[in-house]
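[1] Here is my input; please provide its structure:
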Amino acid sequence: NIAPNIAPNIAPNIAPNIAPNIGLLHSGFTLNPSQSLPLPITPTMSDALVGRSLEWAENTPELESEHKKINNNITRTRFPPEPNGYLHIGHAKSMNMNFSLAFSKLGVPEDNQRTIFRYDDTNPEAESKEYIDSLAKDVKWLGWEPERTTFSSDNFSTLEELAEKLIKKGSAYVCFMKPAEVEAQREICKKRIAAKAKGKDPDVEVKNADGLYPGKWRDASVEDNLKRWNRMKKGFYAEGECTLRMKMDLSSPNPNMHDLMAYRIKYFPHPHAGKGRCVYPSYDYTHCICDSLERIDYSICTLEFETRREPYFWLLAQLDMYRPKVYEMSRLNIEYTVLSKRRLLKLVKGTVRGWDDPRMPTISGLRRRGYTKECLNAFCDDVGATRNANLVEVTRLQQHARVALADKARRAMAVLRPVKVVCSGAAKSTLTVPDYPQSPELGSHTVEFTPTFYVDSRDVRTEHDPNFFGFAPGNLVGIKYANTKVIVDSVGAGGVMCHVVDEGKPKSYVTWVGEGGIKCEVREYGNLFTVPEPSADWESEINPDSEIICPDAMVDPSVGELCDKSKVNKWTSNVSFQFERIGYYVVDDDTTWSFKDGKGKIVFNSVVGLKEDKAKGAGKGDDKKGGGSKSGDLQRAKQAAAKARLEIPLTELFMKDPEWAGLYSKYDADGIPTHDKEGTELKKNQVKKLKKEYEKHKKALAKKK
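    Reported below is the predicted structural model:
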């Protein structure tokens, strides 16, 4: 029954949630503002996003009243990525949380929901206009509509004024310590804290080399610090010569309270703010102030920022600014990929085609791969947001892709590795095929059946196999949609010879492409890494077969108009198809095909395979679809390719093997490519990769002998 306003110096030691009618003293907490110990908190049903509470996080009645007056019934979140790369699927989860899921958890009516899209642009050297533009386009593509778009850099003048306020208050100082000295100072802090925890005297137990603790600059006068701060802003000091540090708490067990940097010197133009400034604020200094200035109610971040609560609330308390609620959720981790910006940038510089490579986990890469916004948003809804760290199976994402495309991807027939079939007794005919077999009312297209047609190599065997129902000697095979049955006479290097029959019931109906099919390039994609959780040695775990190109694929000509280059746009979803019995495919940005004149090339990327029927064994096929399972077919295709490769001399590997033939124009004495087909010299990492393939082939040939 103790009233907090009666004894302000005692009341913070009261834990009313432990015994509300008694007001028991909770001796574990004190009012000392230099400490960063948590106060107990009791979550309520009306607030689902509650994190660890701190004394500094409490707003005064005046600040609370002002905030409510401005926001009224509005609840506001923010999505604040740094424009130092392209957004990835982890950002998609953050967008889903900040634009949607957080409000659902809080029970906020739709009319009262607001989200700001903010560029956290405090590091000019790593940021660019390319990244700024790509972030905006990805947010829009995913369907999120921010209340407004802001830049942290728009507040640079205000941030500098607040830094001066800190200096005048004695809560910031200009420090001339070198980075190595700052690190040494932090090590001293850790040792002093450890000594104190053991009941020992830190001044006796810990050596203070070169007087780094607390440092000779820390207790400089306000006047001196103001002069140095002004000189920093005017460019009197060199980069790295000094920084503005916040005077926090060197005795705190949280290292993030050990006088973090607020400003550093960088003589570099800003991609948004432009030239004319040589001091730039740090993330720790900027983002909490911008949250307060933008009247954010919930600042949502990932769990690695949990220990940043202390500096977040300490700084706002020092400036007497409104403190938003902070909530941390687990990061998104998906099998067979990496989401670290540093690692992604390294992949872009040496392994993949760019930020939008279909193997990349970026929004642009996933879009180019054929994943739609409906798929990604549904996946994020499925994963949700919790504080429990976990590794999400990549199959969950793939299944959402199947669901999203099942009713939207028009059917078409295609062959990835064509094998010629000559059928005696067959007549040319025009066939009507449904665009969506499950919904015939949605339309149809026509295909031309010709006596000479092409089937996929996975549907062909040179020898009879009782468990294989495709094109093998003696087999009865149905030709899908053509109302035609054939007996296979022979299979050889020239292809398949067969003849039409009237009797019998085929156990398989094979898809095909007629003589008028459009030649295209199909890029088959697998996991970028060979292990579910890439380790510190992640570069050695990159999958060399993550991209397999089928340069001579064919697709039925009914797709020609839909694949015209005029319909291709890297910032929207390109048209997708379900290649019957194979999987889902999307038109790639590299497509140059012109439907009008029939010139150029169509490029398709694999999205995801069809859901496999696990009840049937590989190679057995089924009554309606024929052929084998995709996994079995790919395995056999790899085995066949490996066998054929053993016939190629070592020095001719990259000239004759289908995987590399035609890709290079110059080679060294060993036959290793040095220049691509355009005559451009290959990068060192590209040559290194090819040398590995060379050595593998060398060992395989030696083993054969």
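[2] give me the low-pLDDT residue ranges for this protein?
    Applying pLDDT under 70 to the chain flags the ranges 1-47, 612-641.
[3] let's see it at 50
    Applying pLDDT under 50 to the chain flags residues 1-46, 612-634.
[4] Tell me which residues of the longest helix along it come out buried.
    Ranked by residue count under DSSP state H, the longest helix found in the chain is helix 684-704. For helix 684-704, burial by neighbour count (16 or more other C-beta atoms under 10 Å) applies to 687, 689-690, 693-694, 697, 701. Every residue, glycine included, has its C-beta placed from N, CA and C.
[5] which strands and helices sit next to that helix?
    Judged by 3 or more C-beta pairs under 8 Å, 6 or more residues apart in numbering; DSSP states H and E, helix 684-704 is in contact with helix 630-645, helix 653-656, strand 673-676.
[6] buried sites along the second one?
    For helix 653-656, burial by neighbour count (16+ other C-beta under 10 Å) applies to 653-655.
[7] contacts for it?
    Contacts made with helix 653-656 from outside it, assessed by C-beta atoms under 8 Å, 6 or more residues apart in numbering, are listed as 645, 648, 660-661, 663-664, 667, 671-673, 690, 693-694, 697.
[8] which one of these sits closest to Thr286?
    Leu690 (45.4 Å; C-beta to C-beta).
[9] Thought Asp670 was touching the closest one, still the case?
    No - using C-beta atoms under 8 Å, Leu690 makes no contact with Asp670, being 10.3 Å away.
[10] pretty sure Leu431 is in a strand, no?
    Yes - inclusion of Leu431 in a strand is indicated when DSSP: H, G, I helix; E, B strand; the rest coil is applied.
[11] I'd like to know how many residues surround it.
    The burial metric for Leu431, expressed as a neighbour count using other C-beta atoms under 10 Å, is 16.
[12] Mind listing the residues bridging to it?
    Beta-bridge pairing of Leu431 under DSSP bridges involves Val447.
[13] and it, what does it touch?
    Counting by C-beta under 8 Å, 6+ apart, Leu431 makes contact with 446-449, 481-482.
[14] Determine which two of these are furthest apart.
    If you compare every pair in these using C-beta to C-beta, the most distant one turns out to be Thr446 and Ala482, at 12.5 Å.
[15] Compare neighbour counts for the two and give me the winner.
    When Thr446 and Ala482 are compared for neighbours, Ala482 comes out ahead with 21 against 11, by other C-beta under 10 Å.
[16] how about CSV for the contacts of helix 653-656, with distance to Pro311 added?
    Converted to CSV, the contacts of helix 653-656 look like this (distance: C-beta to C-beta, whole Å):
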residue, distance to Pro311
Arg645, 58
Ile648, 62
Trp660, 54
Ala661, 58
Leu663, 52
Tyr664, 54
Tyr667, 57
Gly671, 59
Ile672, 53
Pro673, 52
Leu690, 49
Glu693, 50
Tyr694, 53
His697, 56
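[17] Identify, from the residues you listed, the entry nearest to Thr362.
    Taking C-beta to C-beta as the measure, Thr362 lies nearest Leu663 of the contacts of helix 653-656, at 25.3 Å.
[18] what number of residues lie near that closest one?
    Counted with other C-beta under 10 Å, the neighbours of Leu663 add up to 13.
[19] you'd agree it is up against Asp676?
    Yes - here Leu663 reaches Asp676: they are 6.6 Å apart, a contact under C-beta under 8 Å.
[20] what residues do the two have in common as contacts?
    Listed contacts common to Leu663 and Asp676 are nil; contacts here mean C-beta under 8 Å, 6+ apart.
[21] What distance do you get for Asp597 to Val555?
    Asp597 sits 18 Å away from Val555, taking C-beta to C-beta, to the nearest Å as the criterion.
[22] Neighbour count: these two, which is higher?
    Under the neighbour definition other C-beta under 10 Å, Asp597 and Val555 were set side by side, and Val555 has more, 24 against 7.
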